[in-house]
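> pasting the sequence and the predicted model now:
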Amino acid sequence: MIIDCHGHYTTSPRQHEGWRGEQIEAHKAGKPPPPRPTITDDEIRETIAGGQLRMQRERGTDLTIFSPRAAGMGHHLGDATTSEAWAGACNELIYRVCSLFPKNFVGVAMLPQSARVSPRNCLPEIDRCVNEYGFVGVNLNPDPSGGHWQDPPLSDRYWYRVYEKMAEYDIPAMIHVSAACNPVYHTTGSHYLNGDTVGFNQLMTSSVFKDFPTIKFIIPHGGGAVPYHWGRFRGLAQDAKLGLLSDLVLKNIFFDTCVYHLPGQELLAKVIPADNILFASEMIGAVRGVDPETGYHYDDTKRYIDQLPLSAEDQAKIFEGNARRVYGRLSRTIEKQSATAV
Ligand SMILES: [Zn+2]
């Protein structure tokens with residue numbers, strides 16, 4: 001089985017994102033939001049069948065760990081109440097996708113975060129998504145301010161209520177920022193990669209893994225700048241007398257393969273042990289075009305992994321085994337959802 005651990009519902013029915021615009025406008029005007037629009041099963045089927053499902057089939061992957069559109073989380077917009085309603089609506093839609101295509105999609109939750117609002121607010125949504133929807137992980141935004149970095153670092157006890165839930169449910173978090181509202185950042189060009197790098201650096205210098213020995217984080221987009229600068233991080237750990245970087249992080253931190261060229265994948269596989277790499281493409285997402293150098297989509301990342309000089313055992317770990325290990329509830333959920341498939 002080939003499991004893509006990083007996909008977002010970027011093709012959701014138009015009225016879903018339309019409602020979000022109305023919700024934020026109503027909030028600005030001090031009015032209640034309009035009622036949620038009706039979205040039929042057929043509308044959802046249509047957006048998936050011609051999009052992510054078609055690409056799974058064309059590219060030869062089987063299952064996508066699926067979450068709401070990341071840039072659309074918009075934690076910097078509105079307030080805690082609007083974030084709660086929006087996260088609830090987005091997660092419900094993911095649950096409906098997973099129910100309609102139970103063999104192809106397993107859910108991951110976005111959280112109702114807001115800048116400078118305690119992440120304690122996220123706990124009821126985590127409970128709901130795990131217990132009612134069968135979701136297997138969460139996306140945790142280290143910067144709900146959208147590029148202004150107004151919240152404490154991930155090393156701070158500020159985040160510990162979320163970490164307690166992650167440990168309790170055995171669900172990992174993907175460290176994933178949302179859209180940038182600071183014009184110095186391009187959302188997917190720099191803010192995402194910066195969020196990945198910042199998140200890793202905050203966690204590696206923290207006590208989080210001592211306090212939560214079983215907790216797991218995925219650093220997406222190939223780990224941002226981390227694998228390329230592994231020597232810098234090793235040296236920083238050494239200078240700070242933290243011990244070996246590999247001992248510090250490799251039981252708890254994992255990297256996905258959303259890297260859009262072969263040399264980048266070669267570097268990732270050379271630097272990071274196969275046990276810590278999870279296959280992912282983030283399709284349909286940040287980069288949608290075709291690479292004129294190869295004639296294939298940049299985000300068709302399976303093609304790069306296929307070209308790496310990996311043993312069959314390591315390739316199986318990257319494509320499937322690691323995802324089943326890192327997402328502790330995944331295997332049970334796959335079995336359960338498959339049993340409901342028509
Ligand atoms: Zn993403």
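Alright, I've got the coordinates.
> report the contact partners of the residue of the stretch 151-300 of the chain found nearest the ion.
The stretch 151-300 of the chain approaches the ion most closely through residue 282 (4.8 Å), counting by C-beta to the ion. Yep, even glycine has a C-beta here, placed from its N, CA and C like the rest. Applying C-beta atoms under 8 Å, 6 or more residues apart in numbering, we find residue 282 in contact with 6-8, 220-221, 256, 258, 299.
> centre of the chain to the helix or strand containing residue 88, how far?
Using DSSP states H and E, residue 88 maps to helix 80-100. Computed by C-alpha atoms, centre = their mean, to the nearest Å, the separation of helix 80-100 from the middle of its chain amounts to 15 Å.
> buried sites along that helix?
Using 16 or more other C-beta atoms under 10 Å as the test for burial, helix 80-100 gives 82-100.
> now do stretch 230-242
230, 233, 237.
> the last one: which element?
What that stands for is residue 237. Using DSSP H and E, residue 237 falls in helix 230-239.
> what average pLDDT does the helix or strand that comes right after that helix get?
Later in the chain than helix 230-239, the nearest helix or strand by DSSP H and E is helix 245-249. Mean pLDDT, helix 245-249: 98.
> list the contacts for whichever residue of the chain sits closest to the ion?
In the chain, the residue that lies nearest the ion is residue 70 (4.3 Å; C-beta to the ion). Neighbour list for residue 70: 8, 110, 139, 176-178, 192, 285 [criterion: C-beta under 8 Å, 6+ apart].
> mind redoing it with 7 Å?
8, 139, 176, 178 (C-beta atoms under 7 Å, 6 or more residues apart in numbering).
> quick one, phi/psi of the residue nearest in space to the middle of the chain?
The residue lying closest to the centre of the chain (C-alpha atoms, centre = their mean) is residue 174, at 4.4 Å. Phi and psi for residue 174, reported as degrees, to the nearest 10, are phi -90, psi 130.
> hey, where'd the helices end up in the stretch 101-250 of the chain?
123-131, 160-169, 192-204, 208-211, 230-239, 245-249 (DSSP state H, counting those that start in this stretch).
> hey, which of those helices is tucked in deepest?
Mean neighbour count (mean count of other C-beta atoms under 10 Å) peaks for helix 192-204 among those, with a mean of 22.
> show me what it is in contact with.
By C-beta under 7 Å, 6+ apart, helix 192-204 touches 142-143, 153-155, 175-177, 185, 217, 219-221, 223-226, 233, 237, 245, 248-249, 253.
> just the buried members of the residues you listed?
142-143, 153-154, 175-177, 185, 217, 219-221, 223-226, 233, 237, 245, 248-249, 253.
> strands - which of the residues you listed land there?
175, 217, 219, 253 (DSSP state E).
> ok, of those, which one's closest to residue 39?
Nearest to residue 39 among those is residue 175, at 29.4 Å by C-beta to C-beta.
> name the nearest residue to the closest one, ignoring sequence neighbours.
Among residues not flanking residue 175 along the chain, residue 199 sits closest, at 3.6 Å (C-beta to C-beta, 6 or more residues apart in numbering).
> what pLDDT does the model give the one you found?
Confidence score, pLDDT, at residue 199: 98.
> and what of residue 146?
98.
> so it sits against residue 77, correct?
No: the pair residue 146 / residue 77 is not scored as a contact, 8.1 Å apart, by C-beta atoms under 7 Å.
> cool, thanks, signing off.
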